[in-house]
Structure formats: structure tokens, C-alpha cells
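In: structural data only, the sequence is not supplied:
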């Protein structure tokens, strides 16, 4: 059936940063030799995930994960805020310390996620946590929407798009209960 404007379909166009909303930071974001979204192993982005309530913490250090067995946690997600204002970019948020990033890699954690816009502090120029996590083989998901999520274990599905020439990728992240 033809529409009144003569077209048979609607077609949208998107123009945005690969870091808009919830996104995977590919290692190419901070390392010219790093992997791009199309090169990332998808199995890191699907599976059991532990959500940690880290609200009120100024930074995420090894004490933030003291309540869980990090050696058995495949994916760790940090809820650091009560609400998220999608119209404003926060300049203060709880970021990972280098010690926690190192510990995550040593423990074999496959993915770290946060509801903050970065795993590093806003003012960081070296992106040390990003680099340490990448060296440890830990995938990064940022800007998760966790405001209605309680601490606990879920199944995470947060697949990056197969973007060949990008540094990062938007994702539609979902947490499933009892899956």
C-alpha cells in the first residue's frame, strides 16, 4: 500500500557518537592498535552478571567488590547512582581505581559495566583503568541504566554492533532474572 506521500516505507537516519547512551568501549577507543567493535568476542557480552550497589562511593576500589567472590564473577556491573539525567553529562562519578581494574583482570572477570559515563574519572587524560582492563581481557560497558535494578545476579545481554571502523558501539543492554 502506498502512503499519501508516495513512499512505500519509512526510513530513518542516525547520526550520533558511538558513545551515546549505553555503549561498549572498544580498545581502539584508547589504543590505536586496539580491537574495534566488529573484532570483539560476543560471548563476553552475554551471560551471568553480578550487580553491585556502589551508590555513595566516591571511587570504585577493591573494597567495592569485597562482598562477592571476584574469582567466580564473570561480569560485574556497578550501580553508582540513583537516577540518570540523560540530558546532562556528569563530571563527577565513581570511577574504577587502577587497583580494582588490575584485580578484575587477575580474577578473570570478562566484563565490567557501570552506570557512569566512563570507568575512568572525567578529568583522566591517560584512561588508566581502560588500559588495564583491556590488558586483562576485560570488556567495558558504560552508561548502563541501572536505576531500577537491585544488587544481585542476573543474565546480561549487551551485544555491540558489528562496527568495523568504529572505536566503540552503542548497545541495548538488558538484564534477565531467572533465565
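Out: Arrived safely, thanks for sending. Computed from a prediction, not measured in an experiment: that's the story for all the values here. Numbering: from 1, shown residues only.
In: tell me which element residue 130 falls in.
Out: Element membership of residue 130, judged by DSSP states H and E, is helix 128-135.
In: and the next helix or strand past that helix?
Out: Going down the chain from helix 128-135, the next helix or strand is strand 139-142, by DSSP H and E.
In: packing partners for the helix holding residue 130?
Out: With contacts taken as 3 or more CB pairs under 8 Å, 6 or more residues apart in numbering; DSSP states H and E, helix 128-135 sits against strand 95-96, helix 98-107, strand 139-142. C-beta here means a position set from N, CA and C on the backbone, and glycine is covered the same way.
In: give me the most central residue, this protein.
Out: Centroid-nearest residue in the chain, with CA atoms, centre = their mean: residue 141, separated by 1.0 Å.
In: residue 42 contacts residue 161, doesn't it?
Out: No - using CB atoms under 8 Å, residue 42 is not in contact with residue 161, being 11.0 Å away.
In: between the two, which is the more surrounded one?
Out: When residue 42 and residue 161 are compared for neighbours, residue 161 comes out ahead with 16 against 11, by other CB atoms under 10 Å.
In: please tell me how far the more buried one sits from residue 148.
Out: Per CB to CB, to the nearest Å, residue 161 is found 25 Å from residue 148.
In: for the lengthiest strand in the chain, packing partners?
Out: Longest strand in the chain, counting residues (DSSP state E): strand 46-53. Helices and strands touching strand 46-53, by 3+ CB pairs under 8 Å, 6+ apart, are strand 75-79, strand 152-157.
In: report pLDDT for the residue sitting furthest away from the middle of the chain.
Out: In the chain, the residue that sits farthest from the middle, by CA atoms, centre = their mean, is residue 4; the gap is 42.7 Å. You'll see residue 4 listed with a pLDDT of 78.
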